[in-house]
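J.: quick check, what structure comes out for this input:
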Amino acid sequence: MENITEIYADKIIEPVDPMRSDMDRDKIDDLAASIKQQGLIQPITVRPLREHNNSLEQPGATCGAYDAPCLHIKYEVVAGHRRFKACAIAGLVKIPCIIKELFDQEVIAIRAHENLFRDDINPVDEAIYIGKLIGNDDSKIPELARQLNRSILWVEDRLAILTYPDYFLPAVRDKKLSLGVAKYLAAIEDDIYRKMFFNSAVSNGMAVWQAEYYFRQYDAGIFKEGVDILPPDELADRPRRAAVKANCARCGEVAEEPNFQNVFIHLNCPPDNISPS
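T.: You can find the predicted model right below:
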């Protein structure tokens, strides 16, 4: 059984590199109320930080300047970030902790194991952490998949998120863009078209099959050959191109992007059979 040590709260700091980009404040408040009544049932795990550079060195390392053992002055939260924040809200002076000497890579692995199986972790945070575990060595993917009890494809899909355009990430993190839709839209190389479909997906919603349809059409060169759109303001110095235009399926008049939406019908359906959405 691991030893539990009570450490003064002001000696403990939040994770230097947390896995979660945000936390549910209501859940933390509920946990704080429970801690006030029952105390902290499960201790948090911390690692000591060294005095000379405020970062972890090899256990037993000495300060090069003085050739003397480094002193522990702070403890970084390794596992139990939410519990630590709840303890602070509950006003605990001392917090039960398990102290471990850990290297940076070990800390990353522990946080991944603690968080990757939670339903409230968003895919972007998962991707960032898995990227840190894999680094530039793709040969680690099968072993990491085994350790996390996930498929190799799941790990690869998370790593692919790191290649998406930057403006995709907040939408995926906030669940305004599903991973399935993001996967196909990110594969559209022309950023003008990609942004057009991205904005439509975020504003109006988009099914995975629709995103795949747009990607397949782009990949087949249909957009490039038959349709063009006005460039955004930041690309105004490029030669201006014609806006997307189409006949309205209801009234028959010409509509110009973005003043229309896509309608999917059978090829043999006459226009007057289209039902209003």
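
J.: so how far is residue 10 from residue 173?
T.: 32 Å (Cβ to Cβ, to the nearest Å). Every C-beta, even on glycine, is put in place using the N, C-alpha and C of the backbone.

J.: I should have written residue 133 there, sorry.
T.: Residue 133 is 32 Å from residue 10, where distance means Cβ to Cβ.

J.: who has more neighbours out of those two?
T.: Counted by other Cβ atoms under 10 Å, residue 133 and residue 10 do not tie: residue 133 has more neighbours, with 20 against 9.

J.: for the helix or strand that one falls within, which positions count as buried?
T.: Assigned by DSSP states H and E, residue 133 belongs to helix 123-134. Using 16 or more other Cβ atoms under 10 Å as the test for burial, helix 123-134 gives 123-130, 132-134.

J.: now tabulate these in a markdown table and tack on distance to residue 41.
T.: Output for the buried residues of helix 123-134, formatted as a markdown table (distance: Cβ to Cβ, whole Å):
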| residue | distance to residue 41 |
| --- | --- |
| 123 | 30 |
| 124 | 31 |
| 125 | 26 |
| 126 | 27 |
| 127 | 32 |
| 128 | 30 |
| 129 | 26 |
| 130 | 30 |
| 132 | 30 |
| 133 | 29 |
| 134 | 34 |
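
J.: closest to residue 163 out of the residues you listed?
T.: Residue 163 lies nearest to residue 127 out of those, by Cβ to Cβ, at 9.5 Å.

J.: circling back to that earlier point, distance to residue 190 and pLDDT for the buried residues of helix 123-134 - can I get that in TSV?
T.: Below are those laid out as TSV (distance: Cβ to Cβ, whole Å; pLDDT from 0 to 100):
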residue	distance to residue 190	pLDDT
123	25	88
124	24	90
125	29	86
126	28	85
127	24	89
128	27	86
129	31	82
130	28	85
132	31	82
133	33	81
134	29	86
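
J.: just the closest of those to residue 114, please.
T.: Using Cβ to Cβ, these come closest to residue 114 at residue 129, 10.5 Å.

J.: and the closest one, how far from residue 121?
T.: On the measure of Cβ to Cβ, residue 129 and residue 121 end up 9 Å apart.

J.: again, but for residue 195
T.: Residue 195 is 28 Å from residue 121, by Cβ to Cβ.

J.: cool, residue 139 as well?
T.: Using Cβ to Cβ, residue 139 is found at 25 Å from residue 121.
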